[in-house]
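A.B. asks: Compute the structure for the input listed below.
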Amino acid sequence: MSKTSFMERLLDGVEIKWLPLGDVTQYEQPTKYLVTTTNYSDEFDTPVLTAGKTFILGYTDEVDGIYKASERPVIIFDDFTTANKWVNFDFKAKSSAMKMISSSDEDRFLIKYIYYWLNTLPSELVDSDHKRQWIGNFSYKKIPVPCPENQKKSLEIQGEIVRTLDTFTSLTAELKAELTAELTARKKQYSFYRDLLLSFKEGVVEWKALEEIGEFIRGKRFTKADYVEDGISAIHYGEIYTRYGVFTTHALSQVRNDMAKSLRYAEPGDVVITDVGETVEDVGKAVAWLGDEKVAIHDHCYAFRHSMNPKFVSYCMQTSSFIAEKAKYVARTKVNTLLIKGFSKISIPVPYPNNLEKSLAEQARIVSILDKFDILTNSISEDLPREIALRQKQYEYYRDLLLSFPKPEEVVA
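C.D. replies: Got it, this is the predicted structure:
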């Protein structure tokens, strides 16, 4: 898009007046639209909005006090963010910390034009780290209004900008949806073949409990205060489900050398398992340690020491059937915690159990296949989010370009 050709044609030399945002908008707390129950269900119709990232907290069946945004759309924000959200559907609110912006004069100012413009200026709306300050100062910020003395012309220009940005928004959303769907499909495809390969529908195999195959060795505690740039290689339990994959050859953290005698270690070939997590799937997540030397492990980790192919064991622990079985041995308290005695009774397949050499060869063959799938899936997992982020930046670039009206000296100052 050429800014010069599009904007010059659109504006056609009309006056641009920068008006205080308080003159073109009004804002309120949705106090009279607050939900009175916490009986939420996806089966209900009316979304309950809350301040912050969650946004849609759930759905309610309350019929009184619904804000009719389908009739009069609003922009929603909260006291601590300038991440504005466009709302054109009916809703109830959870917290009065949430605010709603609407047009002060719908015959002169399109609220969606205001919405798009607000999203170009998040940094300008925050004068310090205490973002709530914007609430008190927002009315003094200046918004460009084309041809303010000609109501019809002004609305036509605002409307054309909105339609253009709506098109960009729609195309960007469609592309992001397609890329996300592709990523989801590839992950499902990988999971399907991994689970199928490790189900051993055919061949000589015996399913053995983990406690029959090896032993579990619990780590020792260290804290963030113990981290150093050059020290003893260490694996923290939180890193296992946030930063590691099926295996690793290098630790991402190091702790003080003077702690050497107080720590416990995973040996090369051990599978390191975390015993806590935010979700059931996170608890018991495994990473095979393939480094050349031992690595310290946190006390919320166990080193599973065994004589099988470590990557084969780790892959087995990623399967849907294993995760389903593992869920039976997770204590769902304030923090999900693994019950190691129960976990140790979960079985995994051991091919050719009476022939160690043949068993290890078969495990290596399966690992080789799964490694190829894993590399392909990880490549897609990295490339698609990068593409999504690129498309979002492209959209933001054109949006900012469309709304970058020339500023008079007093606005620049």
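A.B. asks: What degree of burial does residue 158 show, as a neighbour count?
C.D. replies: 22 (other Cβ atoms under 10 Å). Heads up, the C-betas are built off the backbone N, CA and C, glycines and all.
A.B. asks: Okay, strands next: where are they in the stretch 251-400 of the chain?
C.D. replies: Taking DSSP state E, counting those that start in this stretch, the strands of the stretch 251-400 of the chain run over residues 253-255, 265-266, 271-274, 276-277, 286-289, 295-297, 301-305, 330-332, 336-338, 347-351.
A.B. asks: Same check on the stretch 1-150 of the chain?
C.D. replies: Here the stretch 1-150 of the chain has its strands, by DSSP E, counting those that start in this stretch, at 16-20, 25-28, 46-49, 56-60, 74-78, 85-87, 92-93, 98-103, 142-146.
A.B. asks: The first one pairs with which strands?
C.D. replies: This means strand 16-20. strand 142-146 (antiparallel) (DSSP bridges).
A.B. asks: now the partner strand, how far from the centre of its chain.
C.D. replies: Averaging C-alpha positions (Cα atoms, centre = their mean, to the nearest Å) puts strand 142-146 34 Å from its chain's average.
A.B. asks: How about stretch 84-94?
C.D. replies: 21 Å.
A.B. asks: Using CSV, write down the CA coordinates of that stretch.
C.D. replies: What follows is stretch 84-94, C-alpha atoms only, in CSV (Å, rounded to 0.1, in the frame of the first residue of the first chain):
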residue,chain,number,x,y,z
ASN,A,84,-7.8,-2.3,23.9
LYS,A,85,-10.4,-4.8,22.8
TRP,A,86,-13.2,-4.1,20.3
VAL,A,87,-16.5,-5.4,21.6
ASN,A,88,-19.6,-5.6,19.4
PHE,A,89,-21.4,-8.4,21.2
ASP,A,90,-23.6,-8.3,24.3
PHE,A,91,-21.9,-9.0,27.6
LYS,A,92,-21.9,-8.8,31.3
ALA,A,93,-18.8,-7.7,33.3
LYS,A,94,-17.0,-9.3,36.2
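A.B. asks: Go through that stretch and flag the buried ones.
C.D. replies: Buried residues in stretch 84-94, counted by 16 or more other Cβ atoms under 10 Å: 84, 85, 86, 87, 91, 92, 93, 94.
A.B. asks: so where's the stretch 1-150 of the chain uncertain?
C.D. replies: Applying pLDDT under 70 to the stretch 1-150 of the chain flags the ranges 1-8, 52, 78-83, 96-97, 122-138.
A.B. asks: run the last query once more with 80
C.D. replies: 1-14, 38, 51-54, 77-83, 95-98, 121-140 (pLDDT under 80).
A.B. asks: Helices along that one, start to end?
C.D. replies: 3-11, 21-24, 111-118, 133-137 (DSSP state H, counting those that start in this stretch).
A.B. asks: The second one packs against which elements?
C.D. replies: Packed against helix 21-24 by the contact rule (3 or more Cβ pairs under 8 Å, 6 or more residues apart in numbering; DSSP states H and E) you find strand 142-146.
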